[in-house]
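**Q** below are the sequence and a predicted model; questions follow.
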Amino acid sequence: MTDVVNEMLGDRRATAVHRVRAARSESAEQMQKSFHVLVLADDNAAATRRERVCIATFTALLHGEDCAAFYTDLLRQHDDALPAIVTILAERSLTRGPYGQSEVNAAESVPGPTFTVDDIAALYALDDRLTAAIEFAHLLVFHPRDTRRAHLQQLIDVGWTNDGIVTLAQLIGFVTFQMRVIAGLSVLADRIIERSAA
């Protein structure tokens, strides 16, 4: 079974941080299992594999990591047209964040842009479920404190079940965590490579 984190890191970086990851082999194993359950599992009533890969790709692209290409390649296996559409949507919606209202800490209450899919070509290519899920992914990544019942109702209105919404939230959270882990490992790997070359 290919280690997806190593694949995203690339051979040189993966080799550089091999000992670091081996020291936390249980965490590496759990991340791999989560990837298979949340992204690669067969179609189910909650969310098809195509839907899950599409949302994973969009979420990865929102984090601006080069390794998001792994997901766009994976999405291309399901639909040749979707990677370009999802990439354009991610580029148009990219911002900094996180934003949101905090009742506990007013200093953290920062307003920011929300995202609605209004591109005609994208709306034509995506169905209502995927459109709503992409908007939900953007909300969770950049406005995690602003999620309200109305946002969940928007998903329900286009056919997402409670189980499907839970799956979406888990998937978006997992890919966000995965991108942060890879970003950290990439920095560490580059430093290790620089030191070994000195």
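**A** That came through, no problem.
**Q** so T114 is in contact with L139, correct?
**A** Yes: with contact defined as Cβ atoms under 8 Å, T114 counts as touching L139 (7.0 Å). C-betas here are computed from N, CA, C, even on glycine.
**Q** look at the two and report which has more neighbours.
**A** When T114 and L139 are compared for neighbours, L139 comes out ahead with 20 against 14, by other Cβ atoms under 10 Å.
**Q** what sits against the more buried one?
**A** Contacts for L139 were tallied using Cβ atoms under 8 Å, 6 or more residues apart in numbering; they are 114-115, 146-147, 151.
**Q** can you pick the most crowded of those?
**A** Neighbour max across these (other Cβ under 10 Å) = F115, 20 neighbours.
**Q** need the three-state assignment for that residue.
**A** Three-state assignment for F115 (DSSP: H, G, I helix; E, B strand; the rest coil): coil.
**Q** so what's the backbone phi/psi at it?
**A** In terms of degrees, to the nearest 10, the main-chain angles of F115 are phi -130, psi 130.
**Q** re the thing from before, farthest-apart pair in the contacts of L139, please.
**A** Distance extremes for the contacts of L139: the farthest pair is F115 and T147 at 13.7 Å, using Cβ to Cβ.
**Q** of the contacts of L139, closest to C54?
**A** Closest to C54, out of all of the contacts of L139 and judged by Cβ to Cβ, is F115, at 15.5 Å.
**Q** contacting residues around the closest one?
**A** Taking Cβ under 8 Å, 6+ apart as the test, what F115 contacts is 92-93, 135, 138-139, 142.
**Q** can you check T147 too?
**A** Residues near T147 by Cβ under 8 Å, 6+ apart: 139-140.
**Q** let's go with 10 Å and repeat that
**A** 100, 136, 139-140, 169 (Cβ atoms under 10 Å, 6 or more residues apart in numbering).
**Q** hmm, which of these are the buried ones?
**A** Buried by 16 or more other Cβ atoms under 10 Å: 100, 136, 139-140, out of the contacts of T147.
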